[in-house]
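Peer 1: sequence unavailable; structure follows:
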């Protein structure tokens, strides 16, 4: 009779590569998500259902925040936190129950954008109302601040995602992108032999085009093995980049809304996180120069 894995073992198996996880996820959101997964384990929940639940709750958070009162911001913050917990749960359910689908990752990504977009818009509307009510004072128009913060957030997410994926890719040199492209292409070919699945076919087709563009860009930027070696990402670099990942920004939005102090998010996203990103780029340049000097020295 097989022994059931311990809760700690199950929790570890539900995670991605720890170095690919943000610190706030490992310390807060993932444990709560795992608790949700275990409590609802007897229920026939699918990852896609939980993803849609995260989206609905996230949209609800944005609608509530648009109220513009301290109570509305606080309730919106709680809902946004729940949305992120559900968002962390879908992948954990897929890994533990082995009931994920090929389109699950695509759906998860779309849910993230929709839920976060709804919250940012709702928060901006709420701040505009609060300024009009005289209960909030900001140095600039709330929409200008929010646009600057969102633009910064997108840039930080793209950068952290790039280095996180580069680190994971090193564990499977030259294979991870090819494997995913082939799996998705095979799934699309299988679906085309069956009736229905219109949404799945459309999502996979779009994702395959995205992977093709990404593959083209990667080969253009890093055409040689020596170039890839020089661009190696260490575990420390991956962890440092994860400190300005999406979940960290979400946490600051939650803190800012819960305390009725939107400046907390703006100071982090526009100020501190941008400074951190610039510092990491300089660190990357220094590491590359040292690696190039070592390679040239060895060649000489």
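Peer 2: Looks like it arrived, so ask away. Treat the numbers as computed from the prediction; the structure is a model and nothing was measured.

Peer 1: now residue 7: phi and psi?
Peer 2: The phi and psi torsions at residue 7 (degrees, to the nearest 10) take the values phi -60, psi -40.

Peer 1: which helix or strand in this structure has the lowest average pLDDT?
Peer 2: Sorted by mean pLDDT, DSSP states H and E, the helices and strands of the chain end with helix 225-230, the least confident at a mean of 44.

Peer 1: now residue 242: closest residue in space that isn't a chain neighbour?
Peer 2: Beyond its immediate neighbours in the sequence, the residue positioned closest to residue 242 (CB to CB, 6 or more residues apart in numbering) is residue 22, lying 4.6 Å away. Where C-beta positions appear, they are placed from N, C-alpha and C, glycine not excepted.

Peer 1: burial of the one you found, as a residue count?
Peer 2: Summarising burial for residue 22: neighbours were counted as other CB atoms under 10 Å, giving 24.

Peer 1: again with residue 265
Peer 2: When neighbours are counted by other CB under 10 Å, residue 265 registers 24.

Peer 1: helix or strand for it, just tell me which one.
Peer 2: The secondary structure element spanning residue 265 is helix 263-266 (assigned by DSSP states H and E).

Peer 1: what packs against that helix?
Peer 2: Taking 3 or more CB pairs under 8 Å, 6 or more residues apart in numbering; DSSP states H and E as contact, the helices and strands that helix 263-266 lies on are helix 142-170, helix 246-258.

Peer 1: buried ones in that helix?
Peer 2: When neighbours are counted by 16 or more other CB atoms under 10 Å, the buried residues of helix 263-266 are found to be 264-266.

Peer 1: and what of stretch 9-24?
Peer 2: The neighbour-count criterion (16+ other CB under 10 Å) identifies 10-11, 14-15, 19-22, 24 as the buried residues of stretch 9-24.

Peer 1: find the nearest non-adjacent residue to the residue most central in space within the chain, please.
Peer 2: With distances taken as CA atoms, centre = their mean, the residue of the chain nearest its centroid is residue 246 (4.8 Å). Distances taken as CB to CB, 6+ apart place residue 157 nearest to residue 246, at 5.0 Å, with adjacent residues excluded.

Peer 1: contact partners for that neighbour?
Peer 2: Taking CB atoms under 8 Å, 6 or more residues apart in numbering, we find residue 157 in contact with 245-246, 249.

Peer 1: mind doing that once more with 10 Å?
Peer 2: Residue 157 is in contact with 112, 116, 244-249, counting by CB atoms under 10 Å, 6 or more residues apart in numbering.

Peer 1: now for the residues you listed, which pair is the farthest apart?
Peer 2: 112 and 244 (16.0 Å; CB to CB).

Peer 1: quick one: which of these two has more around it?
Peer 2: Set side by side, residue 112 and residue 244 show unequal neighbour counts under other CB under 10 Å, the larger going to residue 244 at 25 against 20.

Peer 1: residue 184 versus the more buried one, what's the distance?
Peer 2: When CB to CB, to the nearest Å is applied, the distance between residue 244 and residue 184 equals 29 Å.

Peer 1: what about the helices in the protein?
Peer 2: Counting by DSSP state H, residue ranges of the helices within the chain are 7-13, 23-24, 30-39, 47-65, 70-97, 104-133, 142-170, 176-192, 198-221, 225-230, 235-242, 246-258, 263-266, 273-299.

Peer 1: one step back: dump the helices and strands packed on helix 263-266 to TSV, plus distance to residue 193.
Peer 2: Formatted as TSV, these follow (distance: least, CB to CB, whole Å):
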stretch	distance to residue 193
helix 142-170	32
helix 246-258	37
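
Peer 1: out of these, flag the one nearest residue 92.
Peer 2: Closest to residue 92 of the helices and strands packed on helix 263-266 is helix 246-258 (CB to CB; 14.2 Å).

Peer 1: who are the packing partners of the closest one?
Peer 2: Using 3 or more CB pairs under 10 Å, 6 or more residues apart in numbering; DSSP states H and E as the contact criterion, the secondary-structure elements in contact with helix 246-258 are helix 23-24, helix 47-65, helix 70-97, helix 104-133, helix 142-170, helix 263-266, helix 273-299.
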